[in-house]
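K.L.:
Mind looking at a prediction? Sequence and model below.
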Amino acid sequence: MNNNFFNNSAEFLNRLQRSKAFLVTKSNEHVNLMQIGWGYIGYMWKKPSMIIAVRHSRYSYEVLKNSDEFTVCIPKEGEFEEQLKICGTKSGRNYDKVKECRLEMAEGEKISVPHIKGCDSYECRVMYRQSIDSELLDKDIHEMSYRNNDYHVMIYGEIVAFRKYDED
Ligand SMILES: Cc1cc2nc3c(=O)[nH]c(=O)nc-3n(C[C@H](O)[C@H](O)[C@H](O)COP(=O)(O)O)c2cc1C
């Protein structure tokens, strides 16, 4: 485990803005994966933090309403492309994406949510959930992203563990 959670931040943001990231959640024993493209890494409440943006309509959000843990996994350049596609289009309500993607999962270091072997992984504990408030939102952004009122919920996680892909 690597204790400096920010050393990898530039690479993390570079991958995230190209949506090369998986969100891993777990409900009972069902592990779910979703492709994500928006988020932050930073410092909040004196804790290294990650914020992800999950729309109300996602199965992943249903899980995160009741679960206080998630992991964000970043593949190496050019890897897991097919799996990202599946995880960005199919819903965990109807699919076992871990099985379908034939991904090998490894146990979490500090949380019960596993991570994908071969990816960098950030284990997070949820500190706060905050739905986008349309009254406070710029009109152009509303027009661009929320015409159907399917707002994002910003999920603030404390980063409790970080592993490079080759540490499993
Ligand atoms: C390139 C790309 C990036 C995405 N980024 C996000 C994101 O940051 N937040 C989000 O809520 N959905 C995002 N999605 C949509 C979800 O990945 C998609 O709806 C997925 O099927 C939801 O899975 P779930 O219902 O199992 O949670 C993205 C989809 C794609 C194709």
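P.N.:
Nice, thanks for sending it over. Predicted model only: the values in this text are computed from it and were never measured. Residues are numbered from 1 along each chain as shown.
K.L.:
Now do stretch 83-93: distance to the chain's middle.
P.N.:
Chain-centre distance of stretch 83-93: 13 Å, with Cα atoms, centre = their mean, to the nearest Å.
K.L.:
before we move on, what about stretch 62-69?
P.N.:
The answer for stretch 62-69 is 12 Å, by Cα atoms, centre = their mean.
K.L.:
Extract the CA atoms of stretch 101-119 and return them as CSV.
P.N.:
C-alpha atoms of stretch 101-119 as CSV (Å, rounded to 0.1, in the frame of the first residue of the first chain):
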residue,chain,number,x,y,z
CYS,A,101,-16.0,-8.6,-18.3
ARG,A,102,-14.0,-11.5,-17.0
LEU,A,103,-12.2,-9.3,-14.6
GLU,A,104,-10.1,-10.6,-11.8
MET,A,105,-10.9,-8.9,-8.6
ALA,A,106,-8.6,-8.6,-5.5
GLU,A,107,-9.7,-7.9,-1.9
GLY,A,108,-9.7,-4.4,-0.6
GLU,A,109,-7.0,-3.4,1.8
LYS,A,110,-9.1,-1.2,4.1
ILE,A,111,-12.6,-1.6,2.8
SER,A,112,-14.9,-4.5,1.9
VAL,A,113,-15.2,-3.4,-1.8
PRO,A,114,-12.7,-5.2,-4.0
HIS,A,115,-10.5,-3.7,-6.8
ILE,A,116,-9.7,-4.8,-10.3
LYS,A,117,-6.3,-6.6,-10.6
GLY,A,118,-4.0,-4.8,-12.9
CYS,A,119,-5.5,-1.3,-12.2
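K.L.:
tell me the phi and psi of the residue nearest to Ser19 when sequence neighbours are not counted?
P.N.:
Spatially, and ignoring its direct neighbours in sequence, Ser19 is nearest to Gly37 (3.4 Å; Cβ to Cβ, 6 or more residues apart in numbering). Quick note: C-beta positions are derived from backbone N, CA and C, even for glycine. Dihedral pair for Gly37: phi -130, psi -10, per degrees, to the nearest 10.
K.L.:
Gly37 and Arg15 touch, don't they?
P.N.:
No - at 9.8 Å, Gly37 and Arg15 do not qualify as touching, with contact defined as Cβ atoms under 8 Å.
K.L.:
shared neighbours, the two?
P.N.:
Here Gly37 and Arg15 have Ala21 as joint contacts, going by Cβ atoms under 8 Å, 6 or more residues apart in numbering.
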